[in-house]
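Colleague: Sequence below, structure please.
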Amino acid sequence: MPRHITDTIAQKKTPCEGCRDQKRKCNGQNPCERCYKFNLRCVYTSTRSPRDEEYIEIARAASLVSQMKFINNQIREMEISIQDLSKSRNFSTTSIKSGSMPSMVFDDSDKSSTEEDVNSVAGNVSLFHTSSEYQPGPPLKRTKIIAYDRDMCAYIAPFVVDKKDQLSQGEVSPWTLTFQKGNMCIETHVKTHSELLNNLHHMVSSVKLSNSIPSIVKSSVKEHTVIGVLNTLIRKKYGKIHCKNVAKSVRIFIAPEVSTVDTMIVARAPETMQTTSLKLIRAYIRCQHLQQLAIHARTFFKLFIDGRNVEESPAAMALCAVICTMRCKHIASCLASISLVEYGKFYFERARDLLSDSFDQCDLEALTSYTFMAIYMLAVSHAEESLIYSDMAERIAIVLEPHYSSVLKQQPKNNGDDEVFLIEKGKAVHFQRIRNHLHRVQTYEQISRLVPAEEMKVKQQDLPFCTLIHLGEGQWIVADDDSVQEKWFAQMHTFILYLQREERGASRSARANDLQHLVGLIAHQVEMAMRHWYFKILPPEFRLTLPLFGSDVNSEEYYATLERECAHSAIPALTTLALYEEWLVLGQSYLPKRKAEPENDWGLLNKIWNGGHVPKGKLNNKWTRRIQKLMELREAIEFEGTDQEYLVAINHMLTASDHGINVPLIINSLHAAFNAIRLIKFLRSRSADCYFDMRILLSAWHMLLRVSRLQCYFPPEITSFLPRVHKNLSECMTIVKEELKLQPYQGTLGGYATQMEKDLKKEIVDDEEEEDNCDYKKELDKCYMRIALDYALLHNPKAPFGALIVDHTTNEISCYGVNSGKKNKLLHGETAAFWNCTELYPSPTQDDKSNPGLNWAHQTLYTTGEPCPMCASQSIYRGVTRVVWGTSIDDLNKSGIDQIKISMPDVVNSARKKADLPNTDVPVLEGGVLKEECDHAFWCAFVNARDDAYYTTMIKNGNLDYIKDREARFPCNKSTVHEEL
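Modeller: Alright, predicted model coming up:
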């Protein structure tokens, strides 16, 4: 063994004399850490003394004690985990009957991914100490492996129910998630997709195998780190936007104050008011009622209309007031839109007068009246008065709730023929529906009145009635005497609520270590939840057979399919539209509203952080507050590194991914917007109903508008959709204008519609200007390429490699160049052009490197053939902005000339700065300009080079068709020089 190795081993095992005497730990270095710290002489002995042996024994004993403590701590942690698991043995989740796959619905995922211990697993868990004790059942055909890595395996399989433990009717059969690592096996039952994700995440986290599990649950992120905060903030941002969108689905149309609206005064003839009111209510029941299900129609007529004068019913008057605020062609057929304003005021005042003498009564009519009066006041922009009426309705509901809740739990007597019970059951259903509608209105009112700068401050308590947060909210009760359409729509609303809750739970299951990856995971989770809901949860009669995220089906076929599959009901179109709306919400939460501005450009963070100079116009209060918040965050998470290390962590979190823009998310959002507009046009064309929702149209509008505004950041896969984007924006604008004609309060959307029209014109004008600039640029490139080709054909027709260097800021040619082997065979066309420029524009200080005579950043290189690696490198070193060529290296080689087959893009991609840093100061490349004429010139120039060996090899390589095509298109029996030369 070499001496230096034996010396190293001896130093590791033997302490220095000073550490041995003081019975201190020695790290074996020379000098050791202790001697270096106290500036002592560090001496090692070559042989062990009895004192050395004593020291070694003490060190070994200390090491064993430390290992025992570590093992005991692990045992205690496992015991605590098992105790926690046993407490959750009876864990269950509400679900609906949806087949044998794990359900994606009714999952309260709020609690599963926030503050729970990462080592806990919800479900029934069994821990086996040896593999022999665990004997799984026979393999099942439907068993699916989720993760596998040597001694670790996780799989899911249907739960086998013993005959003696049969599930009750309607109960969903759970699935068994099994996790094995070595001798340890954990089993848990799952009923929902979110349970599956969360349990698998916790299982893997508990054994520290995060690198071995799928990306959908990949995470080793602690909540009290910078990355943990990122995950929390992004999930809450999407959750906030999602919750706001669900709250706005209450379909309330906010109008300006009634006092500011010019209305038509209508005569209120007592003998016609009864007829008019009944016409309005029947129009509402036939159309808008199915969308809201705010009342039980039979009970409403039985209690508040039948056998009494409608004008004496405050509930009927309040409902009529709300009806007068709605956009509906059936309502417009009852009363002219211009007269609805005055009728609405009359109905509201009438309801208020009728309630003034009985304001202290707590009955169903008072609850119904106050609820609709609150909605009316909110619709006419009297938010404070609306809040008063909603508070009164809520107080009455609290008093009535015990009675009607008990009625719903009772079973009918006399085989369901008990008329009194049926009436009470109808009242209870009406109570539940009107209160549910009231809660949705209260949530909508809270969101509507919030100041944008103070919106929802992350706390969920700001939305006490949000249907996503509370499982008890948003349920539509179905009565036995409901019509078939009412039952279908109640089911539809329930399914849509399931979708919204499942999306929220799926988004909260995503965890990642950087922003781009996290956004991609959230999009993936939400998309999977949508597809599972649409194809596995929805009944076949509730969905369409059209492609979900594809808008390439021609319009004739698309609308024919809609007519055929929505003949029985519009529900398939409405459920599909609801799915698109959810995806548009995700797309809008991902894309910014407008182009990046200095106050939002995170590229300035490093410069500002390090005290760099930034113009005052760029550095505003936002950046000051932003950096202050980052420092507060540092204190909150107790970051122990330096300021620079913290900055590196922030940059890694925000810019760690190389993927940049999430192209699939945006493309799916575009397809969703296109199809949503198609569905809206179809729903508006139906004469039997009015299911058009302006809110969904505006969601599609905003998504398309953002894509149009941000087109400069997008790759060609997205910009290719721009013509369709602008066409659909124009269609949205047309629909809004037509809907304004049905708006009771003319001008409600007037101001907003005017702004929409301005935005549309600006986008189309900007796009036309960009297209014009693009066309001009293309023609300019062709013009200069033609000059370069003609110059080459004149000076060297046997090798027409011509080049131009053009100042693109002034559109002036700086110099020419052509291939020539007379003086120097290295003078390719590009090299000759560069050389000529240095001769024409020498450095004024004789320092061409740092002070050239030509501003090369303003120059574009045009060359008839793609630059070889030598010339490509010169263009990088010279610093030209663009390089444009005609014929590619591959076509040059196939035409009969020797080539080094390394393309210019490959040369540019290989450019590096010091320390292997990427070089971003490289030219922009564009090939194929005037390609046909350049190919013709080179094909004819190298005709003599195409000998028998050329043809034999080309044919052998399968290029016979290439030769035939070139000979057919490029005849060489006459000069290819342009006639004007």
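Colleague: and stretch 907-923, how far from the chain's centre?
Modeller: Computed by Cα atoms, centre = their mean, to the nearest Å, the chain-centroid distance of stretch 907-923 equals 32 Å.
Colleague: start to end distance for it?
Modeller: For stretch 907-923, the first-to-last residue distance is 11 Å (Cα to Cα, to the nearest Å).
Colleague: now what about that stretch, what contacts it?
Modeller: Contacts with stretch 907-923, where a contact means Cβ atoms under 8 Å, 6 or more residues apart in numbering, come from 861, 869, 872, 873, 875, 876, 879, 880, 881, 882, 883, 925. Quick note: C-beta positions are derived from backbone N, CA and C, even for glycine.
Colleague: Closest to residue 820 out of those residues?
Modeller: Nearest to residue 820 out of the contacts of stretch 907-923 is residue 861 (Cβ to Cβ; 17.6 Å).
Colleague: Among the contacts of stretch 907-923, the buried ones, what's the PyMOL command?
Modeller: The buried residues among those can be selected in PyMOL (16 or more other Cβ atoms under 10 Å) with this line:
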select buried, resi 861+869+872+873+875+876+880+881+882+883+925
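Colleague: now for the host helix or strand of residue 890, which elements pack on it?
Modeller: Taking DSSP states H and E as the criterion, the element that holds residue 890 is helix 889-895. Applying 3 or more Cβ pairs under 8 Å, 6 or more residues apart in numbering; DSSP states H and E, we find helix 889-895 packed against helix 931-941.
Colleague: what packs against the helix it packs on?
Modeller: Contact analysis of helix 931-941 by 3+ Cβ pairs under 8 Å, 6+ apart lists helix 750-795, strand 859-865, strand 882-887, helix 889-895, helix 960-969 as its packing neighbours.
Colleague: now with 7 Å?
Modeller: Helix 931-941 is packed against helix 750-795, strand 882-887, helix 889-895, with contacts defined by 3 or more Cβ pairs under 7 Å, 6 or more residues apart in numbering; DSSP states H and E.
Colleague: ok so, going back, what mean pLDDT does the helix holding residue 890 get?
Modeller: Helix 889-895 shows a mean pLDDT of 93.
Colleague: Could you list the residues in contact with that helix?
Modeller: 865, 866, 899, 901, 903, 935, 938, 939, 942, 959, 962 (Cβ atoms under 7 Å, 6 or more residues apart in numbering).
Colleague: again, only this time at 10 Å
Modeller: Helix 889-895 is touched from outside by 801, 864-869, 872, 887-888, 897-904, 927-928, 931, 934-935, 937-943, 945-946, 950, 954, 957, 959, 962-963, 966, 970, with contacts defined as Cβ atoms under 10 Å, 6 or more residues apart in numbering.
Colleague: buried sites along it?
Modeller: Within helix 889-895, the residues that qualify as buried are 889, 891, 892, 894, 895, counting by 16+ other Cβ under 10 Å.
Colleague: Not including adjacent chain positions, what is the nearest residue to the first one?
Modeller: What that stands for is residue 889. residue 866 (4.7 Å; Cβ to Cβ, 6 or more residues apart in numbering).
Colleague: can you tell me which residues contact that neighbour?
Modeller: Contact partners of residue 866, counting by Cβ under 10 Å, 6+ apart, are 872, 883, 885-892, 899, 903-905, 925, 927-928, 934.
Colleague: Tell me the spacing between it and residue 938.
Modeller: According to Cβ to Cβ, to the nearest Å, residue 866 stands 11 Å off from residue 938.
Colleague: and what of residue 890?
Modeller: Distance from residue 890 to residue 938, by Cβ to Cβ: 12 Å.
Colleague: And residue 408, by the same measure?
Modeller: Going from residue 408 to residue 938 by Cβ to Cβ gives 85 Å.
Colleague: likewise residue 664?
Modeller: According to Cβ to Cβ, residue 664 and residue 938 sit 40 Å apart.
Colleague: Now do the buried residues in stretch 721-730.
Modeller: By 16+ other Cβ under 10 Å, the buried positions in stretch 721-730 come out as 721, 722, 725, 726, 728, 729.
Colleague: Which residues does it contact?
Modeller: The contact list for stretch 721-730, computed with Cβ under 10 Å, 6+ apart, reads 551, 666-667, 670-671, 673-674, 676-678, 700-701, 703-708, 711, 714, 718-719, 756, 759-760, 763-764, 767-768, 770-771.
Colleague: Would you list the buried entries among these?
Modeller: Counted by 16+ other Cβ under 10 Å, the contacts of stretch 721-730 give 551, 666-667, 670-671, 673-674, 676-678, 700-701, 703-708, 711, 714, 718, 756, 759-760, 763, 767 as buried.
Colleague: Looking at residue 664 and residue 938, which is more packed in?
Modeller: Per other Cβ atoms under 10 Å, whichever of residue 664 and residue 938 has more neighbours is residue 938, with 27 against 14.
Colleague: right, and the more buried one touches residue 899 too?
Modeller: No: between residue 938 and residue 899 there is no contact under Cβ atoms under 10 Å: 11.2 Å.
Colleague: Specify the local secondary structure of residue 813.
Modeller: Classification of residue 813 by DSSP: H, G, I helix; E, B strand; the rest coil places it in strand.
Colleague: Kindly report the same for the one 4 residues further on.
Modeller: The three-state label for residue 817, taken from three-state DSSP, comes out as strand.
Colleague: Sweet, I'm off.
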